[in-house]
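Q: Pasting a predicted model and its sequence here:
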Amino acid sequence: MTTDTQLLLDHNRAWAARMERDRPGFFTGLLAQQKPRYMWIGCSDSRVSANEITGLEPGEVFVHRNIANVVVHSDLNALSTIQFAVEHLKVAHIMVVGHYGCAGVRAALQGTRIGLADNWLRHIRDLKLRHRKRIDHLLPEQQEDVLCEINVIEQVGNVALSTVLQDAWARGQQVTVHGWVYGLRDGLLKDLLVSMDGTETVVEVFRTAIKRYPRSPGPVVDAEADTTFDSLDDD
């Protein structure tokens, strides 16, 4: 009897044979060296595959994934991966990619308890708190999409302010950080126009991007979250 996992192994053998037949030497080429131009920082969601979405081959994109595509200064896993991509692989582009319908973002938005991951999603709950004047007045379905986008913008800023990118730019290395969101409904990527390619671009690009989400009318109350971009969230 063929088990679920055996089916995967069978598919793998069929795929490997097909690739070698259609493109002789494909695997030998991959073995020689890894030279991707792109790094993808995305959500762990099984419906969002970097290679398939972008049409890139194995070896063309270096991938890091976690719940809700969060990058924070205390996550040595993410930062080590970014460092390897920038300093050793010399990637030219880092894409932080969220997706609409993200369960992690939804849980943070609605305050839903899901377990240990609640501690990780606190980063997004803090975002929701800080930007609540840009979110709370929207319809529920709009709130989720906007928080997905704001989360990507924030993580682009976090990548750009990391010691890895700051050091790379200081030594003149050309690497750009981009922010995209993927649509599960149509399979399309949306560019959030938040690309950062140097230290001097970070603050203004972030400020401009956040101001695309208007505040609700009324007095502004300072949020309690303490992050690097708090002082930039004003009109």
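A: Nice, I can see it.

Q: Determine the number of other residues adjacent to residue 69.
A: 30 (other CB atoms under 10 Å). Where you see a C-beta, it was placed from the backbone N, CA and C, and this is true even at glycine.

Q: Give the helix, strand or coil label for it.
A: Of the three states, residue 69 takes coil under DSSP: H, G, I helix; E, B strand; the rest coil.

Q: Return the residues in contact with it.
A: By CB atoms under 8 Å, 6 or more residues apart in numbering, the residues touching residue 69 are 41-43, 96-98, 151-152, 155.

Q: mean confidence for stretch 29-47?
A: The predicted model assigns stretch 29-47 a mean pLDDT of 89.

Q: List just the nearest of the contacts of residue 69 to residue 27.
A: Nearest to residue 27 out of these is residue 42 (CB to CB; 25.2 Å).

Q: Could you say which helix or strand holds that closest one?
A: strand 38-43 (DSSP states H and E).

Q: what helices or strands is the helix or strand following that strand leaning on?
A: Heading C-terminal from strand 38-43, the first helix or strand you meet, by DSSP H and E, is helix 50-54. Other elements packing on helix 50-54 under the criterion 3 or more CB pairs under 8 Å, 6 or more residues apart in numbering; DSSP states H and E are strand 38-43, strand 61-66.

Q: which one of the ones you listed is the most hemmed in?
A: Across the helices and strands packed on helix 50-54, averaging neighbours per residue (mean count of other CB atoms under 10 Å) puts strand 38-43 on top, at a mean of 24.

Q: list the contacts for the most centrally placed residue in the chain?
A: For the chain, the residue nearest the mean C-alpha position is residue 96 (2.9 Å; CA atoms, centre = their mean). Neighbour list for residue 96: 41-42, 69, 71, 152, 155-156, 159, 177-180 [criterion: CB under 8 Å, 6+ apart].

Q: surely residue 27 meets residue 16?
A: Yes - with contacts counted by CB atoms under 8 Å, residue 27 reaches residue 16, the gap being 7.5 Å.

Q: and the lengthiest helix in the chain, what other elements does it pack with?
A: Secondary structure assigned by DSSP state H gives helix 140-161 as the longest helix of the chain. In this structure, helix 140-161 packs against strand 93-99, helix 103-110, helix 117-130, helix 132-135, strand 176-182, helix 202-210, with contacts taken as 3+ CB pairs under 8 Å, 6+ apart.

Q: gap between residue 76 and residue 202?
A: Noted for residue 76: a distance of 22 Å to residue 202, by CB to CB, to the nearest Å.

Q: same deal with residue 63?
A: On the measure of CB to CB, residue 63 and residue 202 end up 24 Å apart.
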